[in-house]
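Asks: Whatever this is, show me its structure:
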Amino acid sequence: MNNDNLRAYKNDLPAASNRRIKAFLLDAFVLMAVAFGLIITSMTVLSNMGSYQSYAATVKTEMLACYQIEEEAKIYQFIGEGEDKYSNPRSSEAIFEDYCLMHILYTYSLDATPFTNYGIEIENPKNLPLASYETDTLAYFYVYYAADNNSYDGKENDVVPMDDNAQFFFYKQLKDNMVRNDIWVFDEQSYALPHLDSYFAIDLYKYLFVDDAYQAGLTNYNYLATGYLNLWNKQVDELIASSRFQDHYLLYKENYAKCAFLMDGAISLSYLVAFLGAYILPQFFLKDGKTLGKKVFSIRVIDDKGYKATLIQQLGRNSAIFLSMFGVMIIPTFLAGGLNAGWLYPVFEITGIGFSLFSIMVIFLFLEIVSLLVMIISKKKKALHDFITDTMCIDERYHLSPTESEEILKEQERKELKALRNDELAGEHFLDSSSFNNTERKTHDD
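Replies: As a prediction, the model looks like this:
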């Protein structure tokens, strides 16, 4: 058999980009459907495993303990009752607006004259208490929570190092973290709770409750909000670093990691089984590396020189596609478990950067998109895995076997010979007719 017969596909055209994309989407859809069912099944199996149930129960217990500490320190506020309470935190914006109103009420209670002079009648639509060391969340953290929990399990200065009077310590923290200290009035003698400057409070009240387009009030609001967040973030870091919080958080993190790794394993195994069943298995029945998508859209995988693709090339292609198609698992995994299934927990770290199963999927999804773009613009419509394995895809609808090509050539030759013979016969007939006509003309002339 000569080399041209071996290269049975040398004259075939590459499959069009739109057909390859459609074939990919069909294969991806089948893969995701199978993977979704497998993930649901694996999650059910996991939830009934004793070890997983134990890890999950510890995660819930320690998470609630962390939330309770945050609530106790007034770092966060939660809405509701019972088990659902900690799933509904109040928004930081709502908490800050309450903070503003309580301080406006406090300032007004100390001296109402400036408000009266400006014709401002203070209302309290939320029936909030005046700001105090108990109700001011920033002050409460240092004066009460940190002071009362300054030793834990034999450790001194557990929350923050506080050698001074608690009120004095709060004064220092407020001054260090505010953008402007002139918005506050401090009592350096009794260390009473600082109150807002009256005129600052008036502008702030007008912005919040009278005219939200009032520019001076908006400026004051932003000054106060920036300082508030600066100090709040500092307190969050101090609380998280405390031994009491860390004892619960580390136990929570350890058990959450165990749940996450089990879930990651289940998701990965589901993908492997789905890929083998939905992508590899059809190739044994449909032959020549055809998946369901390639069969439907008449696409064949070949060597890029026109030979039939070898087993090594097929294995290389399937291995590359196994990695690149992992990105589409984002959809069935999200539909099956949402964002709280554990797949967002880092599996490993590189130079301090954590990579979760989700981030790995995103990376491979990006590579798949790049591969499709390369396929669209390349001359032979080759994707990245085609370049790696020296393969390409042809449109099988227009493929002719060597025997068929030979028959077509022979038929063309027969038609050409027949046409040539017809031309020759027509020429002879023309000559005979001309000779007859000349003879007839000569006889007539005689």
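
Asks: okay, CA-based contacts and neighbour counts for the rest of this
Replies: Will do.

Asks: Count the neighbours of residue 198 for me.
Replies: As a burial measure, residue 198 scores 21 neighbours (other Cα atoms under 10 Å).

Asks: again, but for residue 397
Replies: Around residue 397 there are 12 residues (other Cα under 10 Å).

Asks: ok, the nearest residue to it once chain neighbours are set aside - how many residues close by?
Replies: Leaving aside its chain neighbours, residue 397 sits nearest to residue 298 (6.1 Å; criterion: Cα to Cα, 6 or more residues apart in numbering). Residues near residue 298, counting by other Cα under 10 Å, number 19.

Asks: And for residue 125?
Replies: 8.

Asks: Against residue 102, how distant is it?
Replies: 11 Å (Cα to Cα, to the nearest Å).

Asks: cool, residue 199 as well?
Replies: As judged by Cα to Cα, residue 199 and residue 102 stand 16 Å apart.

Asks: if you count what's nearby, which of these two comes out ahead?
Replies: The residue with more neighbours, out of residue 199 and residue 102, is residue 102; 22 against 14, by other Cα under 10 Å.

Asks: pretty sure residue 74 is touching residue 139, no?
Replies: No - applying Cα atoms under 8 Å as the test, residue 74 and residue 139 come out as separate, 9.9 Å apart.

Asks: ok, those two, which is more surrounded?
Replies: Set side by side, residue 74 and residue 139 show more neighbours around residue 139, with 24 against 18, by other Cα under 10 Å.

Asks: residues contacting that one?
Replies: 133, 170 (Cα atoms under 8 Å, 6 or more residues apart in numbering).

Asks: what separates it from residue 393, distance-wise?
Replies: 69 Å.

Asks: got it, and residue 14?
Replies: The value you get for residue 14 to residue 393, if Cα to Cα is used, is 6 Å.

Asks: Please, where are all the strands along the chain?
Replies: Using DSSP state E, the strands of the chain run over 151-152, 155-156, 184-185, 195-196, 299-303, 346-350, 353-356, 391-395.

Asks: got a markdown table for the ones you listed, with distance to residue 261, mean pLDDT and mean neighbour count too?
Replies: Formatted as a markdown table, the strands of the chain follow (distance: least, Cα to Cα, whole Å; pLDDT from 0 to 100; neighbours: other Cα atoms under 10 Å):
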| stretch | distance to residue 261 | mean pLDDT | mean neighbour count |
| --- | --- | --- | --- |
| strand 151-152 | 33 | 52 | 16 |
| strand 155-156 | 34 | 49 | 12 |
| strand 184-185 | 51 | 95 | 16 |
| strand 195-196 | 51 | 96 | 22 |
| strand 299-303 | 37 | 91 | 24 |
| strand 346-350 | 7 | 80 | 13 |
| strand 353-356 | 10 | 84 | 14 |
| strand 391-395 | 37 | 91 | 23 |
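
Asks: hang on, the residue nearest to residue 397 packs against residue 396?
Replies: Yes - between residue 298 and residue 396 there is a contact under Cα under 8 Å: 5.2 Å.

Asks: what residues are shared contacts of these two?
Replies: Contact with both residue 298 and residue 396 is made by no residue, according to Cα under 8 Å, 6+ apart.

Asks: for the chain, what helix or strand is lowest in average pLDDT?
Replies: strand 155-156 (a mean of 49; mean pLDDT, DSSP states H and E).

Asks: so residue 232 touches residue 138, yeah?
Replies: Yes - counting by Cα under 8 Å, residue 138 is a contact partner of residue 232 at 6.7 Å.

Asks: These two: which has the busier surroundings?
Replies: Ranked by neighbour count (other Cα under 10 Å), residue 232 and residue 138 place residue 138 first, with 22 against 17.

Asks: Give the full set of residues in contact with that one.
Replies: 228, 231, 232.

Asks: For the closest residue to the second one other than its chain neighbours, which residues are in contact?
Replies: I take that to be residue 231. Among residues not flanking residue 231 along the chain, residue 177 sits closest, at 5.6 Å (Cα to Cα, 6+ apart). For residue 177, the contact set (Cα under 8 Å, 6+ apart) comprises 227, 228, 230, 231.

Asks: residue ranges of the helices in the stretch 1-150 of the chain, please?
Replies: 3-6, 17-47, 50-72, 92-110, 113-117, 137-140, 147-148 (DSSP state H, counting those that start in this stretch).

Asks: can you put those in JSON lines and add mean pLDDT and distance to residue 387?
Replies: Formatted as JSON lines, the helices of the stretch 1-150 of the chain follow (pLDDT from 0 to 100; distance: least, Cα to Cα, whole Å):
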{"stretch": "helix 3-6", "mean pLDDT": "53", "distance to residue 387": "22"}
{"stretch": "helix 17-47", "mean pLDDT": "94", "distance to residue 387": "15"}
{"stretch": "helix 50-72", "mean pLDDT": "92", "distance to residue 387": "44"}
{"stretch": "helix 92-110", "mean pLDDT": "95", "distance to residue 387": "52"}
{"stretch": "helix 113-117", "mean pLDDT": "92", "distance to residue 387": "76"}
{"stretch": "helix 137-140", "mean pLDDT": "95", "distance to residue 387": "61"}
{"stretch": "helix 147-148", "mean pLDDT": "76", "distance to residue 387": "66"}
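
Asks: Can I get stretch 327-343 in CSV, CA atoms only?
Replies: The C-alpha trace of stretch 327-343 is given here as CSV (Å, rounded to 0.1, in the frame of the first residue of the first chain):
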residue,chain,number,x,y,z
GLY,A,327,-13.4,24.0,34.1
VAL,A,328,-17.0,23.3,33.1
MET,A,329,-17.5,21.5,36.4
ILE,A,330,-18.1,24.9,38.0
ILE,A,331,-21.7,24.7,36.8
PRO,A,332,-22.8,21.3,38.1
THR,A,333,-20.8,21.8,41.3
PHE,A,334,-22.5,25.1,42.0
LEU,A,335,-25.9,23.7,41.2
ALA,A,336,-25.4,20.7,43.4
GLY,A,337,-23.9,22.3,46.5
GLY,A,338,-23.7,26.1,46.0
LEU,A,339,-20.7,28.0,47.3
ASN,A,340,-20.8,26.4,50.8
ALA,A,341,-19.9,22.9,49.7
GLY,A,342,-16.2,23.2,50.7
TRP,A,343,-14.8,23.6,47.2
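
Asks: From the chain's centroid, how far away is it?
Replies: Stretch 327-343 sits 10 Å away from the centroid of its parent chain (Cα atoms, centre = their mean, to the nearest Å).

Asks: what sits up against that stretch?
Replies: Contact with stretch 327-343 is made by 28, 32-33, 35-36, 39-40, 256-257, 259-261, 263-264, 267, 271, 356-358, 360-366, 368, as judged by Cα under 8 Å, 6+ apart.

Asks: Sort out which residues of it are buried, please.
Replies: For stretch 327-343, a neighbour-count test (16 or more other Cα atoms under 10 Å) marks 327, 328, 329, 330, 332, 333, 336, 337, 341, 342, 343 as buried.

Asks: tally of neighbours for the residue nearest to residue 267 when sequence neighbours are not counted?
Replies: Spatially, and ignoring its direct neighbours in sequence, residue 267 is nearest to residue 39 (5.9 Å; Cα to Cα, 6+ apart). Using other Cα under 10 Å, the number of residues around residue 39 comes to 24.
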